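Peer 1: Let me see the structure of the following:
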Amino acid sequence: MLVHNVFVTLKDGSSESVDSFLAASREFLEACPEVVFSTCGTLVEDLVRPVNDRDFHVGIHVVFMDRGTHDAYQLSDLHQKFIADHKDGWAQARVFDTDC
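Peer 2: I've put the predicted structure just below:
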């Protein structure tokens, strides 16, 4: 399996903007046929420890069966449209991929 984690810092960190992007992310992930499992959520505000990276608003977590399905997802029209529709609202997006 391959786990694809994306941590997005929005330009507008208001609760309305975060909620809107979270809803759009969930809707997008439900439409992706390559995805085995996905979830997304927001920063846990009260978990403040020296090891916690707190520089994001929304975390997106996607599990793929293998590298091939991940690669197909990356190139899919649906994924490209999601990025195009939302990237202008991102201050930063960091991606962490793990082979499991």
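Peer 1: tally of neighbours for Phe21?
Peer 2: The tally of other residues near Phe21 (other CB atoms under 10 Å) stands at 21. C-betas here are computed from N, CA, C, even on glycine.
Peer 1: In terms of helices and strands, where is it?
Peer 2: helix 15-30 (DSSP states H and E).
Peer 1: Any chance you could list what contacts that helix?
Peer 2: Helix 15-30 is contacted by residues 8, 10, 35, 38, 40-42, 57-58, 60, 62, 78, 82, 85-86, 89 when judged by CB atoms under 8 Å, 6 or more residues apart in numbering.
Peer 1: center of this structure, which residue is that?
Peer 2: In the chain, the C-alpha closest to the average C-alpha coordinate belongs to Ile60, at a distance of 2.8 Å (CA atoms, centre = their mean).
Peer 1: Return the set of residues that bridge with that one.
Peer 2: The bridge-partner assignment for Ile60, based on DSSP bridges, gives Val6, Cys40.
Peer 1: From Arg26, how far off is it?
Peer 2: Relative to Arg26, Ile60 is positioned 9 Å away (CB to CB, to the nearest Å).
Peer 1: coming back round to it: the helix holding Phe21 - what's its average pLDDT?
Peer 2: Averaging pLDDT along helix 15-30 yields 97.
Peer 1: Buried residues in it, which are they?
Peer 2: Applying a neighbour-count criterion of 16 or more other CB atoms under 10 Å, the buried positions in helix 15-30 are 18, 21-22, 24-25, 28-29.
Peer 1: ok, now stretch 58-78?
Peer 2: Going by neighbour count (16+ other CB under 10 Å), the buried part of stretch 58-78 is 58-64, 69-70, 73.
Peer 1: which of the contacts of helix 15-30 count as buried?
Peer 2: Burial by neighbour count, judged by 16+ other CB under 10 Å, picks out 8, 10, 35, 38, 40, 57-58, 60, 62, 82, 86 from those.
Peer 1: Narrow the residues you listed to those in strands?
Peer 2: Residues from these lying in strands, with DSSP state E as the criterion: 8, 10, 35, 38, 40, 58, 60, 62.
Peer 1: how about these, which pair is most distant?
Peer 2: Comparing every pair within those by CB to CB identifies Leu10 and Val35 as the most remote, at 22.6 Å.
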